[in-house]
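> My questions concern the predicted model and sequence given below.
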Amino acid sequence: MRILDLDELETLSKKILGFSKSEWAEVSMESGHSANLRFAANTVTTSGANSNTSFTVTAANGERAGSASTNDISDDGLRRAVARAEEIASLAPENEELMPPLAEKQKYLRSSAFDPRSADLDWAAEQRVKIADAAIKASKGHDFQTAGFLESGINNHVFRNTKGIFAADQNTRTTFSLTMRTSDGKSSGWNKRASHSIGQLDAQSAILRATEKCVAWQSPSS
């Protein structure tokens, strides 16, 4: 499944709420991609990726509300989710604390946690390989064993309600963690880094810090 861009999500959000017969309704949608690379015993062991688009729709009548979630974005899936939310609302007890929907239109700023380069899936995959290779080379240089995990993701989000409110945003994020361990298993060092931009991820400092910890623990002092 491919990632849906913000324009596609906006179109779907309109369609979803168009099926609602409630006093008011709202929908939150997300489409994202996540890819990972794992290494252990100084070699790459697994890599994987997944993409998914899902949404949660809430329908309300008076003080009763119900929500339904699905990743079935076919027209039938959209209709069934809205119908399910409305069914749940009809069965739900009244909630005196249920807040009315936002109705005053505002200008919503986009998050700064999005890096267009990191959204290039092929380029991000190359960067993950380079980082893993650097960790493995550093480990072998000290006669250590290393294991680690890299994960990169991109997420597109939209929110809409039947009172005219709409907001959209997107973000990217990469996390990297690793452990350095002596061959006898008596000493180890761990570190982690994260960034919205894989190009700005300071992987080398994580590798260095994990290595320093492993070296230091071979001769601990009080």
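Cool, got the structure.

> For residue 99, give its distance to residue 63.
10 Å (Cβ to Cβ, to the nearest Å). For the C-beta atoms, the positions are set from N, CA and C on the backbone; glycine is no exception.

> Give me the more crowded residue out of those two.
residue 63 (12 against 8; other Cβ atoms under 10 Å).

> Now do the contacts for the more buried one.
Neighbouring residues of residue 63 by Cβ atoms under 8 Å, 6 or more residues apart in numbering: 94-96, 98.

> As a check, name the ranges of all strands in the chain.
24-40, 43-61, 64-70, 144-161, 166-182, 188-195 (DSSP state E).

> My guess is residue 197 contacts residue 119. True?
No. Applying Cβ atoms under 8 Å, one finds residue 197 not in contact with residue 119, separated by 10.2 Å.

> Residue 166 touches residue 17, doesn't it?
No. Between residue 166 and residue 17 there is no contact, the gap being 10.2 Å when judged by Cβ under 8 Å.

> neighbour count winner among those two?
residue 17 (20 against 13).

> what pLDDT does that one get?
For residue 17, the model assigns a pLDDT of 98.

> quick one, what contacts it?
Counted by Cβ under 8 Å, 6+ apart, residue 17 has contacts 25-27, 57, 160-162.

> how much space between residue 87 and residue 78?
For residue 87, the distance to residue 78 - Cβ to Cβ - is 15 Å.

> Check residue 58 too.
Counting by Cβ to Cβ, the gap from residue 58 to residue 78 is 14 Å.

> Residue 217 now?
56 Å.

> swap in residue 38?
For residue 38, the distance to residue 78 - Cβ to Cβ - is 36 Å.

> Counting neighbours, go ahead and name the busier of these two.
When neighbours are counted by other Cβ under 10 Å, residue 38 and residue 78 differ, and residue 78 comes out ahead with 22 against 15.

> pretty sure the more buried one is touching residue 14, no?
No. Using Cβ under 8 Å, residue 78 makes no contact with residue 14, being 10.7 Å away.

> Identify the residues contacting stretch 122-133?
So stretch 122-133 is contacted by 35-37, 39, 44, 47, 117-118, 148, 150, 152, 174, 176, 198-199, 201, 203 (Cβ under 8 Å, 6+ apart).

> Please convert the buried members of those into PyMOL selection syntax.
Selection of the buried residues among the contacts of stretch 122-133 in PyMOL, burial being defined by 16 or more other Cβ atoms under 10 Å:
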select buried, resi 35+36+37+39+118+148+150+152+174+176+198+201+203
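
> Can you name the residues that contact residue 40?
146-148.

> Ok, residue 173 next?
Residue 173 touches 113, 152-153, 194-196, counting by Cβ under 8 Å, 6+ apart.

> ranking these by neighbours, who comes first?
So for the contacts of residue 173 (other Cβ under 10 Å), the most neighbours sit at residue 152, 24 neighbours.
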